[in-house]
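J.: Attaching a predicted model along with its sequence, questions to come.
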Amino acid sequence: MMFARHYKKHLSAYAHGALAPEEAARVAAHLAACAACRAEFEEVKLGIRLAESLPSVAAPAGLWEGIEAALARESNRERERAPQAKTLFPSRRRALTAAFATVLVALVAGGAWLYLRAQRPGWEVARVEGAPRVASSRIDERGRLRVGEWLETDSASRAEIAVANIGEVEVEPNTRVRLVETRLTEHRLELERGTLHARIWAPPRLFFVNTPSAVAADLGCAYTLEVDDKGRGLLHVTSGYVALETEARESIVPAGAACMTEPGAGPGTPFFEDAPEPFVEALARLDFEHDRASLDAVLAGARVKDTLTLWHLLPRVGVEERARVYERLAALAPPPDGVTREGVIGLDRPMLDAWKTNLEGNWLGESTPAIRRVWRNLWR
């Protein structure tokens, strides 16, 4: 693809959040389509990572002793030049000097605290409704959420967070969310409970949301993420893709699809929201109750677009069940050339990826919500 304009001169400013929101959105859209600028952007990010990884270097040994000795010599010379001053109130002078020193130390310490707090990176927060709080303090129309601070909404409050220069997050009532990190290569929130809606216009894997049971990694998308009081989650993607991840498992969730998560189990198997309730209920039992008999209902109820679910199931079931999943998946969407039954059952990664690429055309399209009742009925 040919571009009339490239943004290479803007990449450093974009990386450091120095562009206006409209310009940042244009750069993000260009990066998604331009391989040359993406490669340049990777070099910019690499340079920043290298700078961040440089070790702190201590001052040379004896530096401060040398400075103190030089000051002492200068003080001695001053005393030799000036006559000895005498005072009628030496104790009062010492007291005033000590008091002045105490005040000076307090001012310096307070100024340093204010300076360091101001330097902590953060994001703008706008009050949408009610009285949201940042670090336990109510915000007026606008506030600032700094790294390490919590934003909380009660039953009558909502807020909107500007995610650096790459997107925005709407925070629903009864939600508690913390800013974990914000820098060039990573912007990360933690959702302890409640609901948020994220809209991100940046290259993949810049924005993350930690939950008690999985991490949501943005792949260029819009989505809703819910966490209940027991740490269980529900992800619904409205645009693009989101990866739900733990160290042991990953679920790729496209637009129109959803995925449940549970502490200790991690992300379940993704499914489309217009799937029949019996299909979703059987899948939840298979994922979180290890009910192997539920696989029958999942296989019987699978449609062509439910190859999303079947493809994800392949590495999550035993070899015998995997053969059954393969047969149903192949009946709905035959594997492309070079992808064999033996390779898939053996979990050959290139073959699985090739089949996924071939299947993705079946995963695009509109869907209507149908899971929220099932989710709440299962996890009351």
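T.: Yes, it's here.
J.: Mind pulling up the pLDDT for Lys45?
T.: Reading off the per-residue confidence, Lys45 sits at a pLDDT of 71.
J.: err, Arg193, not the other one
T.: Arg193 is assigned a pLDDT of 98 by the prediction.
J.: so it, which of the three states?
T.: Taken by DSSP: H, G, I helix; E, B strand; the rest coil, the conformation at Arg193 corresponds to strand.
J.: Who is it paired with across the strands?
T.: With DSSP bridges applied, the residues forming beta bridges to Arg193 are Arg176.
J.: That one is in contact with Arg176, isn't it?
T.: Yes - here Arg193 reaches Arg176: they are 5.4 Å apart, a contact under C-beta atoms under 8 Å. (Glycine included, C-beta is placed from N, CA and C.)
J.: who touches Ser213 in this structure?
T.: When contacts are counted by C-beta atoms under 8 Å, 6 or more residues apart in numbering, Ser213 touches 231-233, 246, 261-267.
J.: Mind telling me what element the closest residue to it other than its chain neighbours is part of?
T.: Distances taken as C-beta to C-beta, 6 or more residues apart in numbering put Thr261 closest to Ser213, at 4.0 Å, once the chain neighbours are dropped. For Thr261, the host element (DSSP states H and E) is strand 257-262.
J.: about what we covered before: could you count how many residues lie near the residue nearest to Ser213?
T.: The local packing of Thr261 (other C-beta atoms under 10 Å) involves 28 other residues.
J.: wouldn't it be in contact with Ala214 here?
T.: Yes - under the contact definition of C-beta under 8 Å, Thr261 touches Ala214, with a separation of 4.4 Å.
J.: Mind listing the shared neighbours of these two?
T.: 233, 244, 267.
J.: Of these, just say which sits nearest to Val169.
T.: Within these, the smallest distance to Val169 is 15.6 Å, found for Gly233 (C-beta to C-beta).
J.: The residue nearest the centre of the chain: what secondary structure?
T.: Centroid-nearest residue in the chain, with C-alpha atoms, centre = their mean: Phe208, separated by 1.5 Å. Assigned with three-state DSSP, Phe208 falls in the strand class.
J.: Partner strands of the helix or strand following the strand holding Thr261, with direction?
T.: Towards the C-terminus, the helix or strand next in line after strand 257-262, according to DSSP H and E, is strand 266-267. Its sheet considered, strand 266-267 pairs with strand 257-262 (antiparallel) by DSSP bridges.
J.: got the CA coordinates for the strand it pairs with in PDB?
T.: This file holds the C-alpha atoms of strand 257-262, laid out as PDB (Å, rounded to 0.1, in the frame of the first residue of the first chain):
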ATOM      1  CA  ALA A 257     -17.600 -13.100  21.000                       C
ATOM      2  CA  ALA A 258     -17.200 -13.400  24.700                       C
ATOM      3  CA  CYS A 259     -15.200 -15.300  27.200                       C
ATOM      4  CA  MET A 260     -15.600 -16.200  30.900                       C
ATOM      5  CA  THR A 261     -12.700 -16.300  33.400                       C
ATOM      6  CA  GLU A 262     -12.400 -17.800  36.900                       C
END
